[in-house]
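Visitor: Got a predicted model here, sequence first, then my questions.
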Amino acid sequence: MATRGFTGRRPPETTRERLPPGQHLTDDFPVLQIGPNPPVDLATWRFTLREGARPIRSWTWDEFGALPRTRWGGDIHCVTKWSKFDTAWEGVSFDDLMAAAGIAAPTDFLLAEGYDDYTTNVPVADLVGGKGMVATHYDGRPIPPDHGGPARLLVPHLYFWKSAKWVKGLRFTQKDEAGFWELRGYHMYGDPWREQRFDGD
């Protein structure tokens, strides 16, 4: 929900430098999603890489937990205009996923897929080089279900709808295919610094 005419005390200059256009800072962590939390059983949880319909590699929860771990700290920005500073995440980087699968990314695009059937598109270039991870911990603790646990995609330099909750896999696609919100008018890329909220922005 966008609030028109948001006003308030002008933030300090150091804060303004970290806030993309149209955003306001929050100390909370708002919960936004398209429906109820899906049931996810760690005993049957699997994370799968696919190229189209073809499975490439899959991990159980225990196998996924044994992969190399990466930590990332920084700011996140929601398309509904809130930003949260200094968040702390831990998980498996996209680079380490590719190494564990023994492959290079087979295409330039992918769709992140969630246990709630949510999808969102992300260019591979926005995940490699430490830019994206599958996160399992937030602020030193397992990610709670309301925030996408047990695992969610984290692509913090894009609007947060790109960081799919309850993620179960990544499906490589031959072209840049629209996901759930992109099919409903959201921007195909979603750069907060360019205010790419909706198609045409």
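Guide: Yep, it's here.
Visitor: for this protein, which helix is longest?
Guide: For the chain, the helix reaching the highest residue count under DSSP state H is reported as helix 94-101.
Visitor: Following the chain onward from it, which element is next?
Guide: Downstream of helix 94-101, the next assigned helix or strand under DSSP states H and E is strand 109-114.
Visitor: what residues are up against the most centrally placed residue in the chain?
Guide: Nearest residue to the geometric centre of the chain (C-alpha atoms, centre = their mean): residue 163, 1.2 Å. Applying C-beta atoms under 8 Å, 6 or more residues apart in numbering to residue 163 gives the contacts 76, 148, 152-156. For glycine as for every other residue, the C-beta is placed from the backbone atoms N, C-alpha and C.
Visitor: before we move on, what about residue 47?
Guide: 58-59, 64, 134, 151, 167-169.
Visitor: and it, what are its phi and psi?
Guide: Backbone torsions of residue 47, given as degrees, to the nearest 10, read phi -120, psi 120.
Visitor: related to what we said a few turns ago, and which of the contacts of residue 47 is nearest to residue 110?
Guide: Taking C-beta to C-beta as the measure, residue 110 sits nearest to residue 169 out of the contacts of residue 47, at 9.5 Å.
Visitor: Mind listing what's buried along the stretch of helix or strand residue 50 belongs to?
Guide: Per DSSP H and E, residue 50 falls inside strand 46-51. Buried residues in strand 46-51, counted by 16 or more other C-beta atoms under 10 Å: 47, 49-51.
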